[in-house]
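*Asks:* Need a 3D model of the following:
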Amino acid sequence: MSVAKVVPGNKEEMHAYQQWFFKETVELEHQKQELADELEKFEKRRAKFEREKRAFKLEKDTEKKFRMQEEQLLLMKQKVLEDELRKLADEKSHMERQKEFYNRVYQYQQRESGETAETSRTVQGELFFMGVRNELALKKRYKDLVRIYHPDNPSGDTGTLQEINKEYDKLCLKFAN
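*Replies:* Purely as a prediction, here's the structure:
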């Protein structure tokens, strides 16, 4: 619109125009302020969302690390259990071989002495320590024998244990010299 010369007859129109212009300016300023407020709210929500996003990612990463540590711990436990199971299996086979050996010793003594199983279960001590060549092997064999023939054991035998103790004492003196 072009600027017109102010003539006295247009004074009322000019005043109406100024009022309209003022109202429009106030309305625009009000809308501008509302938009600025909306923008500020939006920026706050965006910042909050970014913080939550970072916190979620951090939590997710922490959870992932924790899960990985748990998996590693579980694998370590599994390995330990497998090793222990293998050791138990080896020990079981060792004990079975010992049992078989001692059964043969018992049968040999029965044949040599002419006794039957009902007559006597006592085995001579020398037979238990056959093949022992040093003090360490002697002690190991003695511990194994005591574990098997101790009277508290269901297959234990007091007489056999006494024979084992006598022979062990003899051999200890022999290795000590």
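
*Asks:* element containing Ser93?
*Replies:* helix 11-113 (DSSP states H and E).

*Asks:* Would you check the distance separating that helix from the middle of the chain?
*Replies:* Centroid separation for helix 11-113 versus its chain: 18 Å, with Cα atoms, centre = their mean, to the nearest Å.

*Asks:* what's the neighbour count on Gln69?
*Replies:* When neighbours are counted by other Cβ atoms under 10 Å, Gln69 registers 10. Glycine gets a C-beta too; all of them are placed from N, C-alpha and C.

*Asks:* Could I get the contacting residues of it?
*Replies:* Contacts for Gln69 (Cβ atoms under 8 Å, 6 or more residues apart in numbering) come out as none.

*Asks:* any idea how far it is from Leu145?
*Replies:* Using Cβ to Cβ, to the nearest Å, we find Gln69 at a distance of 47 Å from Leu145.

*Asks:* repeat for Asp37
*Replies:* Distance from Asp37 to Leu145, by Cβ to Cβ: 94 Å.

*Asks:* In terms of neighbours, single out the busier of the two.
*Replies:* Shown here are Asp37 and Leu145; by other Cβ under 10 Å, Leu145 has more neighbours (23 against 10).

*Asks:* In which helix or strand does the more buried one reside?
*Replies:* helix 135-149.

*Asks:* next SSE after that helix?
*Replies:* For helix 135-149, the following helix or strand on the C-terminal side (DSSP H and E) is helix 158-176.

*Asks:* Go through that next one and flag the buried ones.
*Replies:* Thr160, Leu161, Glu163, Ile164, Glu167, Tyr168, Leu171 (16 or more other Cβ atoms under 10 Å).

*Asks:* okay, the lowest-mean-pLDDT helix or strand in the chain in PDB with CA atoms only?
*Replies:* Using mean pLDDT, DSSP states H and E, the weakest-scoring helix or strand in the chain turns out to be helix 125-128, at a mean of 77. The C-alpha trace of helix 125-128 is given here as PDB (Å, rounded to 0.1, in the frame of the first residue of the first chain):
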ATOM      1  CA  GLY A 125      51.100-107.600  55.500                       C
ATOM      2  CA  GLU A 126      54.100-108.300  53.200                       C
ATOM      3  CA  LEU A 127      51.800-108.900  50.300                       C
ATOM      4  CA  PHE A 128      50.400-105.400  50.500                       C
END
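
*Asks:* For Lys143, give its distance to Gln98.
*Replies:* 12 Å.

*Asks:* neighbour count winner among these two?
*Replies:* Gln98 (15 against 10).
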